[in-house]
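# sequence and predicted structure are below.
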Amino acid sequence: GKYDEAEELYLQALSSRPSDPHILRGYSNLLRTHRGQQAFATQLSELAKGEEKRREEQIKRRVKDWDEFMSQNQSVTLVQYNEGKEIYREELPVTARDESKEQ
């Protein structure tokens with residue numbers, strides 16, 4: 001039936017993206033709701049939570065690293081290439097990130 005098809009699609013998606021929290025959570029819901037596999041569904045939900053937390057920490061680290069890098073530079077040079085040749089160059093001043101827009 002349609003749940004067998006859905007399960008097959010989740011398994012295909014997980015084979016290519018095994019740590020995607022959205023796929024893990026969706027498959028977990030299918031198993032819990034339509035297969036009665038509470039224990040495995042709970043494991044998948046916990047794995048999804050862990051992946052989301054890991055991704056959030058990774059993003060925070062990247063933002064911190066970027067802010068640190070940008071604070072050390074007065075400007076950055078934007079260079080555009082076409083077929084290995086420089087076609088555009090612009091020196092851009094570094095400005096503070098507007099954190100009010102990030103929420």
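Yes, it's here.
# what sits closest to Leu14 if chain neighbours are left out?
Ile23 (5.7 Å; Cβ to Cβ, 6 or more residues apart in numbering). In this view, the C-beta of every residue, glycine as well, is placed from N, C-alpha and C.
# what's the pLDDT at that neighbour?
Per-residue confidence (pLDDT) for Ile23: 95.
# got the phi and psi for it?
For Ile23, the backbone dihedrals are phi -70, psi -40 (criterion: degrees, to the nearest 10).
# any low-confidence regions in the chain?
Within the chain, the stretches with pLDDT under 70 are 96-103.
# give me the distance between the residue in it sticking out farthest from the centre and Arg62.
Distance from the centre of the chain peaks at Lys85, with 32.8 Å (Cα atoms, centre = their mean). To Arg62, Lys85 is 31 Å away according to Cβ to Cβ, to the nearest Å.
# that older thread, OK, contacts around the residue nearest to Leu14?
10, 13-14, 17 (Cβ atoms under 8 Å, 6 or more residues apart in numbering).
# distance from whichever strand or helix holds Thr77 to the middle of the chain?
Taking DSSP states H and E as the criterion, Thr77 maps to strand 75-82. Computed by Cα atoms, centre = their mean, to the nearest Å, the chain-centroid distance of strand 75-82 equals 26 Å.
# wasn't Ser19 part of a strand?
No - looking at Ser19 with DSSP: H, G, I helix; E, B strand; the rest coil, it is coil, so not inside a strand.
# and Phe69, how far is that from Leu92?
Distance from Phe69 to Leu92, by Cβ to Cβ: 14 Å.
# then Tyr10?
The value you get for Tyr10 to Leu92, if Cβ to Cβ is used, is 44 Å.
# what of Thr77?
Taking Cβ to Cβ, one finds Thr77 at 7 Å from Leu92.
# over to Thr42?
Distance of Thr42 to Leu92, computed by Cβ to Cβ: 49 Å.
# neighbour count for these two, which is higher?
Neighbour count, other Cβ atoms under 10 Å: between Thr42 and Leu92, Thr42 has more, with 13 against 9.
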